[in-house]
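Asker: next input, structure requested:
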Amino acid sequence: MRIQQAIERKLRDELTPSVLDVINESSMHSVPPGSETHFKVTVVSNAFEGKSLVERHRLVYALLDDEMRGGVHALTITSRTPAEWEKNAAVAKSPACLGGSKVE
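Answerer: Now for the predicted structure:
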């Protein structure tokens, strides 16, 4: 199973999100074409109710432990409750890679 699909499945199965967007941003970084090393995740779930931002990120990282140990180098997380998402559905734009020259 591809890494992106595994991330999507685990977050969908465990957090039952109303919004889930997983973007492979590896092509924006210094990695070979076709890599799955850098991801941007937006997840909106009732599971985040009453949790701090740090607790939400710990939860996501715990769910994706295998992927983080298996090659994912970077994970950008936007985690909101449905009420928070309703008030602000904006997701920050990803910055350009600062890690050196791109691999061609």
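Asker: give the next helix or strand downstream of the top helix by length along the chain.
Answerer: As assigned by DSSP state H, the longest helix anywhere in the chain is helix 3-15. The element immediately downstream of helix 3-15 (helix or strand, assigned by DSSP states H and E) is strand 19-24.
Asker: and the angle for the longest helix of the chain with strand 19-24?
Answerer: Between the direction of helix 3-15 and that of strand 19-24, the angle (axes from the mean of the first three to the mean of the last three Cα atoms, to 10 degrees) works out to 160 degrees.
Asker: which strands and helices sit next to helix 3-15?
Answerer: Applying 3 or more Cβ pairs under 8 Å, 6 or more residues apart in numbering; DSSP states H and E, one finds that helix 3-15 contacts strand 19-24, strand 38-44, helix 53-63, helix 65-69. Backbone N, C-alpha and C define where each C-beta goes, glycine included.
Asker: which other residues reach the last one?
Answerer: Looking back up the chat, that one is helix 65-69. Outside helix 65-69, the residues that touch it by Cβ atoms under 8 Å, 6 or more residues apart in numbering are 3, 6, 7, 10, 61, 75.
Asker: let's go with 7 Å and repeat that
Answerer: With Cβ atoms under 7 Å, 6 or more residues apart in numbering as the test, helix 65-69 has contacts from 3, 6, 7, 61, 75.
Asker: residues touching the third one, list them.
Answerer: With contacts taken as Cβ under 7 Å, 6+ apart, residue 7 has the following neighbours: 22, 39, 41, 64, 67.
Asker: and of those, the nearest to residue 81?
Answerer: Distances from residue 81 to the contacts of residue 7, taken as Cβ to Cβ, are shortest for residue 41 (15.5 Å).
Asker: wait, the closest one touches residue 77, no?
Answerer: Yes: with contact taken as Cβ atoms under 7 Å, residue 41 and residue 77 are classed as touching, separated by 5.2 Å.
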